[in-house]
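# Make a model of this:
(2 chains)
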Amino acid sequence: MSAKLETLSLNLQKHLGERIKSLKTALGEITIEVDVADYVAVMQTLRNEPDLNFEELVDLCGVDYSTYGNVERTDKRYAAVSHLLSIANNWRLRVRCFAQDDDFPSVPSVVDIWNSVNWFEREAFDLYGIVFPGHDDLRRILTDYGFIGHPFRKDFPISGYVEMRYDPDQQRVIYQPVTIEPREVTPRIVREATYGDVE
Amino acid sequence: MAELRNFTLNFGPQHPAAHGVLRMVLELDGEVVMRADPHIGLLHRATEKLAENKTWVQSLPYMDRLDYVSMMCNEHAYCLAIEKLLGIDVPVRAQYIRVMFDEITRVLNHLLWVGCHGLDVGAMTMVLYAFREREDLVDAYEAVSGARMHAAYYRPGGVYRDLPDRMPQYRESQWKSAAQIKPFNEARSGSLLDFLDDFVTRFPTLLDEYETLLTDNRIWKQRLVDVGIVTPERALQRGFSGAMLRGSGIAWDLRKKQPYEVYDRLDFDIPVGTNGDSYDRYLVRMEEMRQSNRIIKQCIDWLRANPGPVITANHKVAPPAREDMKSNMEELIHHFKLCTEGIHVPEGEAYAAVEHPKGEFGIYMISDGANKPYRLKIRAPGYVHLSAMDEMCRGHMLAGVVTIIGTQDVVFGEIDR
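Numbers count the residues shown, from 1 in each chain, chains lettered A, B, ... in the order given. Below is the predicted model:
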């Protein structure tokens, strides 16, 4: 671990302490996990504390962990993952926050801390159905007007449910159930730990 | 007294100045914009979802189609993320080739930008000149990958193949005689590097030409100066990157601050603006082209002197040479596994960002150890910049909106993904 990451992880522990549920360093990146209850306060500290000083929120995205590793999972399903960048200190951080309820995932909004998150939260809502209380304009953003469902969830088929075509009889564009079958050319494979008899 | 009301105007998605498929609902008070609400997603193709259903290498060509004016830079971020997860090293020659093509891409992007921005604002000539030079650079793309735009040239572990030794030439036809095509073929008589060398010697003069058309042009300045001012504080708050951030006076460039590939061995400067208006961003981008030109020149000199492999010898990642494959059982197995099942990337997550011509282009990847990504998130710079559209447009005239769309350098391939 480089000196810079060392400093960052010490600073994180100093200022966030117990509020960090887990801190992981891998591939030269630090990932912290926080509880929904602490999320906004943690983000506020990350931005305002001069030792951390994350002025920019680079990215926020939803993740659906339901089929991770091709095995049955009992953990929480949805998470909001954000990437922060400090221009003054030249370091980055990843913050993950799991939504508590799988049926109605919700993570508080940080739009008042970083305005740049506005569209990212709209996107996570649109694609994963994660709700961000505190966001005053949580509309769909990427999908079509009147779209139903959250397409990036793992249980949403890649071909979707409806297709659109022009109907010459009605002389307008209509929606109808999809007529194509999903097909998989290369299956998804997660190799078992003992694959190829190597330790 | 008559009742005055704001009215709303639907700008795009078919407006020629809307750069593709931007639909904006503008609330106007007279000619002054009170609120701008961009509606995006008309070009949404769910690239990230598609990538979850394709092997790692299969979704590489999708990257070209994100920001379709800076194709190779998108591939670069994607390859960097995979390489980070795999923990493999890329041969130095491949790194130089990538850097060279990144900078070619930056010039390609900025040329298109200056042409279209000019066209939006009323400087019709620019686009013709810009496309004349783009032609040479897309020829370089074609020489190396076979495609003028969607190259799919970078691979995890290096690049697809080494630079060609000769350039394709124009042929005599019933429309063009041998004498007519001779001047076109002069620069193409040598290798790709000779061709590019010729380009980089010509290009600074051509840039000066562009600047005589625009930089001190009274109309150009009237349309750009003080339009869309972003203060450094707001730029950070809105997550800006690239020329949008540097135009506001923050010297932040990933090539310098978090160098990837061989940028730390190359000599170049970072232009920074002072006022944060559209005109400063124009100056920053023009200067960036000059700096890219310098970088390309340095790469050409290095590549001439240093032959070597251009893709990793790790055959769990990159396929072996066909010749070896036909004489060696093990290589044959590697080839078979790579072409049927694909790469297996170890479990983990990584974020890799490059200094894309438009800003910070990042790829966030989660792998669960499978032959396909578990989650791929594309962090597109244009998406973030466009989200600040409302803030930048407020209080400007309707004509200013067109300038601001131009100055943000939006491309819908990456915004809608």
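# right, is stretch B:276-286 up against chain A?
No. Applying C-beta under 8 Å from any C-beta of the partner chain, one finds stretch B:276-286 separated from chain A by no less than 15.4 Å. From N, CA and C alone the C-beta is placed, and that goes for glycine too.
# now could you export just the CA positions of that stretch as PDB?
Only the C-alpha atoms of stretch B:276-286 are listed here, as PDB (Å, rounded to 0.1, in the frame of the first residue of the first chain):
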ATOM      1  CA  GLY B 276     -14.400  30.200 -16.900                       C
ATOM      2  CA  ASP B 277     -16.500  31.400 -19.900                       C
ATOM      3  CA  SER B 278     -17.000  29.700 -23.300                       C
ATOM      4  CA  TYR B 279     -14.200  31.700 -24.800                       C
ATOM      5  CA  ASP B 280     -11.700  30.500 -22.300                       C
ATOM      6  CA  ARG B 281     -12.700  26.900 -22.900                       C
ATOM      7  CA  TYR B 282     -12.300  27.500 -26.600                       C
ATOM      8  CA  LEU B 283      -8.700  28.800 -26.000                       C
ATOM      9  CA  VAL B 284      -8.000  25.800 -23.700                       C
ATOM     10  CA  ARG B 285      -9.100  23.300 -26.300                       C
ATOM     11  CA  MET B 286      -7.100  25.000 -29.100                       C
END
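# could you pull out the strands for the stretch 251-400 of chain B?
Secondary structure of the stretch 251-400 of chain B (DSSP state E, counting those that start in this stretch): strands at B:348-356, B:359-367, B:375-379.
# For chain A, which of these is the nearest?
strand B:375-379 (4.2 Å; C-beta to the nearest C-beta).
# mind saving the C-alpha coords of that closest one as PDB?
Provided in PDB are the C-alpha atoms of strand B:375-379 (Å, rounded to 0.1, in the frame of the first residue of the first chain):
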ATOM      1  CA  ARG B 375     -21.500  -4.800 -13.400                       C
ATOM      2  CA  LEU B 376     -20.000  -2.200 -15.700                       C
ATOM      3  CA  LYS B 377     -20.600   1.500 -15.000                       C
ATOM      4  CA  ILE B 378     -19.500   4.100 -17.500                       C
ATOM      5  CA  ARG B 379     -18.800   7.400 -16.100                       C
END
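# Give me the contacts around it.
A:58-59, A:61, A:63-64, A:81, A:83, B:47-48, B:51-52, B:59, B:66, B:353, B:360-366, B:414, B:417 (C-beta atoms under 8 Å, 6 or more residues apart in numbering or on different chains).
# Give the pairing partners of it; include direction for each.
Looking at strand B:375-379 with DSSP bridges, its partner strands are strand B:359-367 (antiparallel).
# what angle separates the strand it pairs with from strand B:348-356?
Angle, strand B:359-367 to strand B:348-356, by axes from the mean of the first three to the mean of the last three C-alpha atoms, to 10 degrees: 160 degrees.
# tell me how far strand B:359-367 is from the chain's mean position?
Taking the mean of its C-alpha atoms, strand B:359-367 sits 15 Å from the chain's own mean (C-alpha atoms, centre = their mean, to the nearest Å).
# middle-most residue in chain A, spatially?
In chain A, the centroid-proximal residue (C-alpha atoms, centre = their mean) is residue A:62; its distance is 2.2 Å.
# burial measure for the residue in the stretch 1-150 of chain B that chain A sits nearest to, as a count.
Here the residue of the stretch 1-150 of chain B nearest chain A is residue B:41; by C-beta to the nearest C-beta that distance is 4.0 Å. By other C-beta atoms under 10 Å in any protein chain shown, 21 other residues sit near residue B:41.
# And residue B:150, by the same measure?
Residue B:150, neighbours per other C-beta under 10 Å, totals 17.
# next one: the one 4 residues further on
Neighbouring residues of residue B:154 were enumerated by other C-beta under 10 Å; the total is 30.
# check contacts around it.
Residues near residue B:154 by C-beta under 8 Å, 6+ apart: B:60, B:72, B:75, B:76, B:78, B:79, B:98, B:101, B:160.
# quick one: low-confidence ranges for chain A?
A:1, A:196-199 (pLDDT under 70).
# can you check the stretch 1-150 of chain B too?
Applying pLDDT under 70 to the stretch 1-150 of chain B flags residues B:1, B:16-17.
# possible to save the strands of the stretch 251-400 of chain B as TSV with mean pLDDT and mean neighbour count?
Putting those into TSV (pLDDT from 0 to 100; neighbours: other C-beta atoms under 10 Å in any protein chain shown) gives the following:
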stretch	mean pLDDT	mean neighbour count
strand B:348-356	92	24
strand B:359-367	92	25
strand B:375-379	92	25
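# What degree of burial does the closest residue to residue B:42 other than its chain neighbours show, as a neighbour count?
Leaving aside its chain neighbours, residue B:42 sits nearest to residue B:21 (4.0 Å; criterion: C-beta to C-beta, 6 or more residues apart in numbering or on different chains). A count of nearby residues for residue B:21, using other C-beta under 10 Å, gives 19.
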